[in-house]
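Test case, fold it:
(4 chains)
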Protein chains: 2
Amino acid sequence: MTPIDKLIVHFRKSITLTDDEAEIVGGCFTIVELKKKEILLYEGDLSSHMRFISDGCLRSYYMDEDTKEHIIQFGIEDWWINDLYSYLTNTPSKQFVQAIENSVVLQIHKDKLNDLYNNVPAVERFFRFKFEKAYVSLQERTINAMSKTAEEHYLDFRTKHRDIEQRVPQYMIASYLGITPEFLSKLRKNISQ
Amino acid sequence: MTPIDKLIVHFRKSITLTDDEAEIVGGCFTIVELKKKEILLYEGDLSSHMRFISDGCLRSYYMDEDTKEHIIQFGIEDWWINDLYSYLTNTPSKQFVQAIENSVVLQIHKDKLNDLYNNVPAVERFFRFKFEKAYVSLQERTINAMSKTAEEHYLDFRTKHRDIEQRVPQYMIASYLGITPEFLSKLRKNISQ
DNA sequence: AGGGAATCTTAATGTAGGTTAATAACGACT
DNA sequence: AGTCGTTATTAACCTACATTAAGATTCCCT
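Residues are numbered from 1 along each chain as shown, chains lettered A, B, ... in the order given. All right, here's what the predicted structure looks like:
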């Protein structure tokens, strides 16, 4: 299955597209191939594309006071990854997006997407849902962060994202959870005894 | 100025409405008057309205394990307040929305709002912006929470929300910041010396 | 196979913020 | 003005997690 095929299958999980529409939609995206560690979006760049992961694994993260990395999101096949903040506000990104493995990403420019909204209305509905879901999962994460302990966060992550846990180094999981790798190591020791 | 007038003025800050359209829009909202401490939305309720604050001050919060309250949002005149999570996912709310002062709220049911989208398209654009902004400010808050200290959060809050700071009790600000009132008290002492 | 980089673990020590509990100050109602 | 409920402060002690620094382990490259 080509990356574009995967994208169409992905769209068709939540909206209906005729074959003609699928053709149009597929034609609006461009392929980006990334080597492990390659950076797709730099801090300071304007994020003007929506990005679909066809293959591989990426992360978005930001640096606080130019030192420590904080991972905001992981993404694997069939997910979208972006700095939505920058995309929505047209301001320079505060985040990086980097490939953790060799990856294939399909992206569409904001302007082209706006045209597509007019030509294929179902796509607009798709992205409205997408933004709503993005909000919902961000709120879930924010609320959990406020009331749970680090060990609970880790256990939650393990049950919700087994697939990711097995593909990314442990210190990145620590960063995503907002703790140090040393402390995660200690937690794991406690848990397994 | 009536509550409905305030609402229309509010809409017209980001979209254009003819007088006829304004008439239609205004007619879709209903007024809710709340006494101080009265609860507008209970945990477990379905949040099926969008709610505009015409007068007063409210908060949304959730309870963790039926004990401690965590404030998620404050709202004053000219803001919207809701459990967007429940509204968007049609699931029972995990939050309460409560009046901190006597307040006047204008609300519109989801179904009516969906009709309104068809009759007055500008309204749909208004709410798309609203959801985008909600996402953006939630992400800002989440990222800040990860990298800043409690004292920084408090100082940020003071500069960004002076108006709110002067209207709500200090222990609620502590709850919003995710710290105990005792610790906020200590911070304030350090800051003022 | 072997050497360097990347990742993970362990342990000692430090600190931001929580808990408990008591007291103080404020505010609103009669 | 006095009383009661609400809100704010103080101080002693506690805990979850960070920091530092040293090894141990695994991974990958030629």
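
so what's the residue nearest the centre of chain A up against?
The residue lying closest to the centre of chain A (C-alpha atoms, centre = their mean) is A:I81, at 2.8 Å. A:I81 sits next to A:R51, A:I53, A:L58, A:S60, A:Q73, A:G75, A:V97, A:V105 when contact means C-beta atoms under 8 Å, 6 or more residues apart in numbering or on different chains. Where you see a C-beta, it was placed from the backbone N, CA and C, and this is true even at glycine.

which two of the residues you listed lie the greatest distance from each other?
Maximum pairwise distance among the contacts of A:I81 (C-beta to C-beta): 14.0 Å, between A:Q73 and A:V105.

Could you check which of the two has the larger neighbour count?
Taking other C-beta atoms under 10 Å in any protein chain shown, A:Q73 and A:V105 do not tie; A:V105 has more neighbours (25 against 21).

Give me the helices and strands touching the lowest-mean-pLDDT helix or strand in chain A, please.
Sorting the helices and strands of chain A by mean pLDDT, DSSP states H and E puts helix A:121-147 at the bottom, at a mean of 86. If contacts are counted by 3 or more C-beta pairs under 8 Å, 6 or more residues apart in numbering or on different chains; DSSP states H and E, helix A:121-147 sits against helix A:110-119, helix A:150-160, strand B:57-64, strand B:68-76, helix B:84-89, helix B:121-147.

Which single one of the contacts of A:I81 is nearest to DNA strand C?
Closest approach between the contacts of A:I81 and DNA strand C, by C-beta to the nearest atom of the strand: A:L58, at 14.2 Å.

Around the closest one, how many other residues sit close by?
Using other C-beta under 10 Å, A:L58 is surrounded by 24 other residues.

and the gap between it and A:V105?
7 Å (C-beta to C-beta, to the nearest Å).

Same question for A:V97.
Going from A:V97 to A:V105 by C-beta to C-beta gives 9 Å.

before we move on, what about A:I53?
6 Å.

ok, A:I108 touching A:L116?
Yes - under the criterion of C-beta atoms under 8 Å, A:I108 makes contact with A:L116 at 7.4 Å.

Now for those two: what residues contact both?
Here A:I108 and A:L116 have A:C28 as joint contacts, going by C-beta under 8 Å, 6+ apart.

Domain map for chain A?
Here the domain parsing of chain A from automatic domain parsing is A:3-147, A:148-193.

Can I get the ones you listed in CSV including distance to B:L40?
Converted to CSV, the domains of chain A look like this (distance: least, C-beta to C-beta, whole Å):
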stretch, distance to B:L40
domain A:3-147, 19
domain A:148-193, 27
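
of all those, which lies closest to B:L138?
Nearest to B:L138, of all those, is domain A:3-147, at 5.4 Å by C-beta to C-beta.

now the end-to-end length of that closest one.
40 Å (C-alpha to C-alpha, to the nearest Å).

now do stretch A:65-79
Terminal residues of stretch A:65-79 lie 29 Å apart, using C-alpha to C-alpha.

can you tell me the helix or strand for the residue of chain A most remote from its centre?
No residue in chain A sits farther from the centre than A:Q193, which is 33.6 Å out by C-alpha atoms, centre = their mean. Secondary structure assigned from DSSP states H and E places A:Q193 in neither a helix nor a strand.

And the pLDDT at it?
We have a pLDDT of 73 for A:Q193.

same question, A:E43
93.

A:H153 too?
We have a pLDDT of 96 for A:H153.

number of nearby residues for the closest residue to it other than its chain neighbours?
Leaving aside its sequence neighbours, A:H153 sits nearest to A:L177 (C-beta to C-beta, 6 or more residues apart in numbering or on different chains; 4.9 Å). A:L177 is flanked by 19 other residues according to other C-beta under 10 Å.

go on, A:P121?
Residues lying near A:P121 (other C-beta under 10 Å) number 12.

for DNA strand D, what are the nearby residues on chain A?
Within chain A, the residues that sit near DNA strand D (C-beta under 7 Å from any atom of the strand) are A:T149, A:A150, A:E151, A:G178, A:I179, A:T180, A:E182, A:F183.

So the fourth one versus chain B, what's the distance?
Distance check for A:G178 against chain B: by C-beta to the nearest C-beta, to the nearest Å, it reads 5 Å.

my read: that residue touches B:I143, true?
No - shown here, A:G178 and B:I143 do not form a contact pair, counting by C-beta under 8 Å, at 10.8 Å.

and for the two, which residues touch both?
With C-beta under 8 Å, 6+ apart as the test, A:G178 and B:I143 both reach A:H70.

Looking at the two, which is more packed in?
A count of neighbours by other C-beta under 10 Å puts B:I143 above the other of A:G178 and B:I143, at 17 against 14.

residues in contact with stretch A:115-126?
A:F11, A:S14, A:I15, A:T16, A:L17, A:E21, A:I24, A:V25, A:C28, A:I108, A:L113, A:F127.

what's the closest non-adjacent residue to A:G26?
A:I4 (4.4 Å).

In contact with the one you found: list those residues for me.
A:G26, A:F29, A:L106.
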